[in-house]
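Trainee: Let's see this in three dimensions:
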Amino acid sequence: MSGDEFRAQGHALIDWIATYWDRVESLPVRSACVPGDFFASLPAHAPHIGDNPWDGLVRELDTRIVPTLTHWQHPSFFAYFPANASPPAVLGELLSAGLGVQGMLWSTSPSCTELEMGVMDWLARALGLPETFTHQARLSGVGASSETSAIASAGGGVIHSTASEAVLVAMVAARHRALANLADDDTEPHLMAYASAQSHASVVKAAMIAGLARHADDRRHVTLVSTDETGRVNVQALRASIVADRAIGRMPFFVCATLGTTGTGAIDNLAAIGAVLDEKAVLDENPPLTTRPIWLHVDGAWGLSACICPEFRAMLDGIERADSICVNPHKWLLTNFDCDAFFVRDAKELTRALSITPEYLRNSASDSGAATDFRDWQVPLGRRFRALKLWLVLRHYGIAGLQTFIREHVALAQQLAQWIRADSRFVLVMEPSLSLVCLSLSARPGESQADADARTLALMERANATGKVFLTHTRASNSALGEQGRILLRVAIGGTHTEERHVRGLWDLVAQFA
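Mentor: Residues are numbered from 1 along each chain as shown. Here you go, the predicted model:
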């Protein structure tokens, strides 16, 4: 493909994407195809001779690809959590692909590494995180000993693919720190990790990958702690679990707290969790076990984005106790997937667990200790220039623009909650969490909760079948709702193009079907 051909096809695709964004609202949110439909339409083999797909590409996109998509950029997509895309982010992704940089080491492209360092510092400060989570703090302490300078052990941020990668990396670093004083021939203690029963499934999956669980239901090394009536982790139950495990010779090493659970948006109390982890009874219940402090990872994949607005930063009370934090700008900060911002308080804890240097990666910059090599901050060796899209988003919208974006969605959630409260056929089971609203149908006189749940699910399926909206559900698990909890419809407001008229359209639809 010549340069002129590339320009022509590139311009055509940019035009097509812009047109797709303009018309996506007119499309059904969710595809009506059944499993296997598209796969069956593909030839069994790739063409032996190139068949020049460009002549008919736009037609094929319109007739084959688009009709079999679920349109995450549709303004009436209220399922899961949002997956924002925006023009600046897409252009940043295009730049990343066009430059074709492999940024595994500082030496392989210095600006790839150092732009990421700078942008992650921008984001940390914009969110109100402690300065110790910035690269600037770490670099200012280079050469100082940890005994004389607390800043010398500071960390910084790195861009991962998703929050699932972040929790895995945090768990591996936590395990390494817990076992750092163990000799190679010592018997490894029985490690224990803890998370809320409403934490993301990636915590258990990380334990499976790290060899701490054989399957999803294996609880020998993972405890899912009960939640209170608000859906937050029950801090006293967490304490009791840790103390009980210590008493029988187990080694608690990792706790995951959540700022905005996937099910109901519950926000854990970081200050209370940190206080438990630093209690003498928790640390010294079993003196023969000499361990490091329990690692606290904060999964703020969705909810932490709201902290770009100062009025939502109460959830950060106690964040200084965290060892690692993650947030997904690809959820609610107008940066297209994939972009998980992972911050660590002490970079050395991370690199000690993940660094390995074969001869073919050795270079003078790395050997000097002056360079930051992000391959030691993540699972894979290779890495894309993902900082470009976050850089362009922050520059294009500015902090003020992103604050307006977040505030509008939170206000829309409050408006929806007001409509729900005014309709006796519905129950607003809990107050909105930021821009997430959970509702269900009220039980009729004499109706069991199971029957009311069945009607709630039927309502969701009927609304989704119209193609006008897309909702998902969860089952509340907090103690105030009984042993299992009722079925809740989740309305996650946060789309790039979502406005009040789309939320009003959703409410009119579910009210019609109620």
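Trainee: Just the helices from the stretch 1-150 of the chain, written as ranges.
Mentor: 3-23, 37-41, 57-60, 87-99, 110-127, 135-140 (DSSP state H, counting those that start in this stretch).
Trainee: Likewise for the stretch 151-300 of the chain?
Mentor: Going by DSSP H, counting those that start in this stretch, the stretch 151-300 of the chain shows helices at 163-178, 202-209, 235-247, 270-277, 280-284.
Trainee: who wins for proximity to Ser226 among the ones you listed?
Mentor: Among the helices of the stretch 151-300 of the chain, helix 235-247 comes nearest to Ser226, with 5.0 Å by C-beta to C-beta. Any C-beta I mention is one placed from the backbone N, CA and C, and that applies to glycine too.
Trainee: which stretches of the protein aren't confidently modelled?
Mentor: 141-153, 280-291, 359, 477-484 (pLDDT under 70).
Trainee: For Thr474, which three-state class applies?
Mentor: strand (DSSP: H, G, I helix; E, B strand; the rest coil).
Trainee: give me the number of residues near it?
Mentor: Counted with other C-beta atoms under 10 Å, the neighbours of Thr474 add up to 18.
Trainee: burial count for Met1?
Mentor: 8.
Trainee: Just give me the neighbour total for the residue nearest to it when sequence neighbours are not counted.
Mentor: Leaving aside its sequence neighbours, Met1 sits nearest to Gln9 (C-beta to C-beta, 6 or more residues apart in numbering; 7.6 Å). For Gln9, the number of neighbouring residues by other C-beta under 10 Å comes to 14.
Trainee: any idea how far Gln9 lies from Pro53?
Mentor: Distance of Gln9 to Pro53, given as C-beta to C-beta, to the nearest Å: 10 Å.
Trainee: got the angle between the longest strand seen in the chain and helix 163-178?
Mentor: Among the segments of the chain that qualify as a strand by DSSP state E, the longest is strand 250-258. Orientation of strand 250-258 against helix 163-178 (axes from the mean of the first three to the mean of the last three C-alpha atoms, to 10 degrees) gives an angle of 150 degrees.
Trainee: give me phi/psi at the residue sitting nearest the centre point of the chain?
Mentor: Note on the chain: the residue nearest the mean C-alpha position is Ala301, at 3.0 Å, using C-alpha atoms, centre = their mean. Main-chain torsions, Ala301, degrees, to the nearest 10: phi -50, psi -50.
Trainee: so what's the nearest residue to it once chain neighbours are set aside up against?
Mentor: The spatially closest residue to Ala301, leaving aside those adjacent along the chain, is Ala163, at 3.8 Å (C-beta to C-beta, 6+ apart). Going by C-beta atoms under 8 Å, 6 or more residues apart in numbering, Ala163 touches His200, Ser202, Asp299, Ala301, Cys326, Asn328, Asp340.
Trainee: Looking at those, state which has the most neighbours.
Mentor: Result: Asp299 is most packed of the contacts of Ala163 (other C-beta under 10 Å), 31 neighbours.
Trainee: what about it, distance to Ala163?
Mentor: 6 Å.
Trainee: Now do the closest residue to Ala216 other than its chain neighbours against Arg407, distance only.
Mentor: Closest residue to Ala216 apart from its sequence neighbours, by C-beta to C-beta, 6+ apart: Val204 at 5.8 Å. Distance from Val204 to Arg407, counting by C-beta to C-beta: 34 Å.
Trainee: the more surrounded of those two?
Mentor: More neighbours surround Val204 than the other of Val204 and Arg407, with 22 against 16 (other C-beta under 10 Å).
Trainee: Tell me the spacing between that one and Met251.
Mentor: For Val204, the distance to Met251 - C-beta to C-beta - is 19 Å.
Trainee: With Ser2 instead?
Mentor: Distance from Ser2 to Met251, by C-beta to C-beta: 62 Å.
Trainee: My understanding was that Asp338 contacts Ser161; is that so?
Mentor: Yes: Asp338 is within contact range of Ser161, at 4.5 Å (criterion: C-beta atoms under 8 Å).
Trainee: Please enumerate the helices of the stretch 351-500 of the chain.
Mentor: Ranges of helices within the stretch 351-500 of the chain are 364-368, 387-421, 449-465, 500-513, based on DSSP H, counting those that start in this stretch.
Trainee: mind listing what's buried in the first one?
Mentor: Put plainly, it is helix 364-368. Ala365, Ser366 (16 or more other C-beta atoms under 10 Å).
Trainee: Centre of the chain to that helix, how far?
Mentor: With C-alpha atoms, centre = their mean, to the nearest Å as the basis, helix 364-368 stands 33 Å off its chain's centre.
Trainee: Over to stretch 29-41?
Mentor: Here stretch 29-41 is found 27 Å from its chain centre; the criterion is C-alpha atoms, centre = their mean.
Trainee: cool, stretch 344-364 as well?
Mentor: 24 Å.
Trainee: oh, and call the first residue 18 from now on, that's how I've got it
Mentor: Got it, the first residue is 18 from now on, which makes the last one we talked about stretch 361-381.
Trainee: Contacts made by that stretch with the rest, please.
Mentor: By C-beta under 8 Å, 6+ apart, stretch 361-381 touches 121-122, 124, 147, 149-150, 155, 170-175, 186-187, 189-190, 192-194, 197, 339-341, 383, 392-396.
Trainee: ChimeraX command for the buried members of those?
Mentor: Those of these that count as buried under 16+ other C-beta under 10 Å are selected in ChimeraX with:
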select :121,122,147,149,150,155,170,171,172,173,174,175,186,187,189,190,192,193,194,339,340,341,383,392,393,394,395
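Trainee: Please export the alpha-carbon coordinates of stretch 432-447; PDB is fine.
Mentor: Provided in PDB are the C-alpha atoms of stretch 432-447 (Å, rounded to 0.1, in the frame of the first residue of the first chain):
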ATOM      1  CA  GLN A 432     -33.000  12.900  38.300                       C
ATOM      2  CA  LEU A 433     -33.700   9.300  37.500                       C
ATOM      3  CA  ALA A 434     -33.800   8.500  41.200                       C
ATOM      4  CA  GLN A 435     -36.400  11.200  41.700                       C
ATOM      5  CA  TRP A 436     -38.600   9.700  39.000                       C
ATOM      6  CA  ILE A 437     -38.300   6.300  40.600                       C
ATOM      7  CA  ARG A 438     -39.300   7.500  44.100                       C
ATOM      8  CA  ALA A 439     -42.400   9.100  42.600                       C
ATOM      9  CA  ASP A 440     -43.700   5.800  41.100                       C
ATOM     10  CA  SER A 441     -45.000   3.300  43.700                       C
ATOM     11  CA  ARG A 442     -44.600   0.400  41.200                       C
ATOM     12  CA  PHE A 443     -40.800   0.700  41.700                       C
ATOM     13  CA  VAL A 444     -38.300   0.500  44.500                       C
ATOM     14  CA  LEU A 445     -35.200   2.500  44.700                       C
ATOM     15  CA  VAL A 446     -33.400  -0.100  46.800                       C
ATOM     16  CA  MET A 447     -30.400   2.200  47.700                       C
END
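Trainee: Buried residues of it, list them for me.
Mentor: Going by neighbour count (16+ other C-beta under 10 Å), the buried part of stretch 432-447 is Gln432, Leu433, Ala434, Trp436, Ile437, Phe443, Val444, Leu445, Val446, Met447.
Trainee: mind giving me CSV with those residues and columns for distance to Arg256?
Mentor: Formatted as CSV, the buried residues of stretch 432-447 follow (distance: C-beta to C-beta, whole Å):
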residue, distance to Arg256
Gln432, 39
Leu433, 37
Ala434, 33
Trp436, 40
Ile437, 36
Phe443, 37
Val444, 33
Leu445, 32
Val446, 27
Met447, 24
